[in-house]
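# Turn this into a structure:
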Amino acid sequence: MSRIRRVDASDTEAVVALWREVFPEYNDLTRPQRDPHANIARKLAFGDGLFWLVQIDTRIVATAMAGYDGHRGWIYSVAVAPAHRRHGVGSKLVAYAERALAAKGCVKVNLQIMEGNEAVSAFYASLGFSVEKRISMGKRISENIPK
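Predicted coordinates for the structure are as follows:
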């Protein structure tokens, strides 16, 4: 039996293990901004309640994180363990995140995926997301990145 619930600090090691399995970039120790422990701690400290997991029995098999700034919502860190893909787990979790954002007044949800990740692109397209002509830019704030 699976259930969706909020992530809490006691879930950290299991979430890190899932992310390291699903997101190869979390294994790149040369990119400190990808420190999963720090990312989880910051999200939990923010306290907006927009960080969930899917648990089957005692195993964490999926996660999703969201953010809302009063203008747009974002969905991040959707991870589904390979053995649980194509069973509706990710779709249910993304729909859950969308409902939570809608309840906060959000009218548009965005997400980003790595270019060339065709399987993930097809997954989100099946959920109604579409590619928008935008240029995504980023800048690291070095004083907040652990050395």
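# going forward, measure contacts between C-alpha atoms and count neighbours the same way
OK.
# For the nearest residue to Ser2 once chain neighbours are set aside, name its beta-bridge partners.
Of all residues not flanking Ser2 in the chain, Ile56 sits nearest, at 4.3 Å (CA to CA, 6 or more residues apart in numbering). Beta-bridge pairing for Ile56 (DSSP bridges): Ser2, Arg59.
# what does the model give Ile56 for pLDDT?
Here, the pLDDT recorded for Ile56 equals 93.
# so it makes contact with Ile4?
No - with contact defined as CA atoms under 8 Å, Ile56 does not reach Ile4; the gap is 9.1 Å.
# Who has more neighbours out of those two?
Between Ile56 and Ile4, Ile4 has the larger neighbour count (other CA atoms under 10 Å), namely 17 against 14.
# so what's the more buried one closest to, chain neighbours aside?
Val54 (4.5 Å).
# now whichever strand or helix holds the one you found: how far from the chain's centre is it?
Per DSSP states H and E: Val54 is located in strand 51-56. Relative to its chain's centre, strand 51-56 lies at 11 Å (CA atoms, centre = their mean, to the nearest Å).
# Touching it from outside, list them.
1-7, 43-44, 60-66, 89, 93 (CA atoms under 8 Å, 6 or more residues apart in numbering).
# Filter those residues down to just the ones in helices.
43-44, 89, 93 (DSSP state H).
# got the residues you listed as JSON lines, with distance to Phe129, pLDDT and neighbour count columns?
Formatted as JSON lines, those follow (distance: CA to CA, whole Å; pLDDT from 0 to 100; neighbours: other CA atoms under 10 Å):
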{"residue": "Lys43", "distance to Phe129": "24", "pLDDT": "96", "neighbour count": "17"}
{"residue": "Leu44", "distance to Phe129": "27", "pLDDT": "97", "neighbour count": "17"}
{"residue": "Val89", "distance to Phe129": "17", "pLDDT": "95", "neighbour count": "20"}
{"residue": "Leu93", "distance to Phe129": "15", "pLDDT": "97", "neighbour count": "24"}
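# Nearest to Pro36 among these?
Minimum distance to Pro36 across the ones in helices among the contacts of strand 51-56 is 10.5 Å, recorded for Lys43 (CA to CA).
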